[in-house]
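Novice: Predicted model and sequence follow; I will ask about them next.
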Amino acid sequence: MTTNDGVSMPVANYDQYVKMLDSANKGGYAYPAINVTSTSTANAAIKAFADMKSDGIIQVSTGGGKFASGAVGDMALGAISLAQHVHLVAEKYGVYIALHTDHCQANVVETFMLPLIKETEKRRKNGQPNLFSSHMFDGSELPFEKNLAMSKELLDRCAQSEIILEVETGVVGGEEDGVNNEGAPADKLYTSPEEMVEVAKVLNPIGKYMYAATFGNVHGVYKPGNVKLRPEILKKGQEAVAKEIGGGYQHMLVFHGGSGSELSEIHETLNYGVIKMNIDTDTQYAYSREIVDYMFTNYESMLKIDGEVGNKKFYDPRAWMKKGEEAMAKRIADACKDLKSDGKSIMLS
Ligand SMILES: [Zn+2]
């Protein structure tokens, strides 16, 4: 896809994004959705997707946005800044990138999601592309009916500007970005088929949405084998949805909290409509792990020891951040292979 003057636009527009998600749904693969907090991590993600000939999703959390805004401490401002960077840089690569925002709880809709939606509304009036391709509203801590009512209201607003909304019911366990669900009751960790049907009935008539139905997922770090995933929850839910809605209708599902999952479990979910898998913990580790190695190996060049001056080539932050970026890109490349999105960019078709 190009603009009238032939310039490519690799932040996916609505039609391209829908095509990405439909292709994944039909093709039994999913997109890694990579959390970024800086231009460095964003660049690593774009490079990895391009190298793998995979389209991909780059996302910003409330905490990531706040961090990116520096001392201003404004989560929406930082998210806008990172999104603008991705818009500018992604143009130089040959795959589609969708821009997404991660968990937005009800109490931060006013300060995070709404300013970002307004930014897109403003841009559209000026003939510019959407800032973000999709947003997540996480009302999972609310009573189900209230969650669904708010999701409906937000999807209505988003759909008017061709923004896709991600919603969540049930609870993703564990802790991420300061939101702690470690004490969540076990039954809340598994979305029921009735809930999945209700979500489809209410949201499908309004607009395009993605859905984080929970099946034992847990945020954060777990040793392999310690996460008790039950992917069959998704299968049962999708079967109920197909029966109730008809026409072969299926949710486009999102997999949160997948660190430490078995590859066989990840592959199983791809058969049940998972088209997006969030990856944060594993890429955080990959980035930092490489830098630890660099620091320890180059200890004497990094520091000014015994009246010496160190080695500027080593302590220039670009030197070690570049190592972090390369390692993060490698981990994202593995994610593309695990989710089978490699070589499948719709730009190639
Ligand atoms: Zn999540």
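Specialist: Structure received. Numbering: from 1, shown residues only.

Novice: and E166, that one's in a helix?
Specialist: No: using DSSP: H, G, I helix; E, B strand; the rest coil, the assignment for E166 is strand, not a helix.

Novice: How many residues are close by it?
Specialist: The local packing of E166 (other Cβ atoms under 10 Å) involves 28 other residues. Any C-beta I mention is one placed from the backbone N, CA and C, and that applies to glycine too.

Novice: wait, it sits on A212?
Specialist: Yes: using Cβ atoms under 8 Å, E166 makes contact with A212 at a distance of 6.4 Å.

Novice: which neighbours do these two share?
Specialist: 136, 254 (Cβ atoms under 8 Å, 6 or more residues apart in numbering).

Novice: Now D177. Nearest residue, chain neighbours left out?
Specialist: G63 (4.2 Å; Cβ to Cβ, 6 or more residues apart in numbering).

Novice: Which of the three states applies to the one you found?
Specialist: Classified using three-state DSSP, G63 is helix.

Novice: Give me the distance from stretch 113-130 to the chain's centre.
Specialist: 20 Å (Cα atoms, centre = their mean, to the nearest Å).

Novice: For stretch 313-322, buried residues please.
Specialist: 314, 319-322 (16 or more other Cβ atoms under 10 Å).

Novice: State the mean pLDDT of it.
Specialist: If you average the pLDDT over stretch 313-322, you get 98.

Novice: for stretch 32-41, same thing?
Specialist: On average, stretch 32-41 scores 98.

Novice: got the end-to-end distance for it?
Specialist: Taking Cα to Cα, to the nearest Å, stretch 32-41 runs 14 Å from one end to the other.

Novice: and if you look at stretch 44-59?
Specialist: 13 Å.

Novice: Closest one of the buried residues of stretch 313-322 to R157?
Specialist: M321 (37.6 Å; Cβ to Cβ).

Novice: The closest one belongs to a helix?
Specialist: Yes: counting by three-state DSSP, one finds M321 located in a helix.

Novice: Hmm, it is touching S40, no?
Specialist: Yes: using Cβ under 8 Å, M321 makes contact with S40 at a distance of 5.1 Å.

Novice: Thanks again, I'm all set now.
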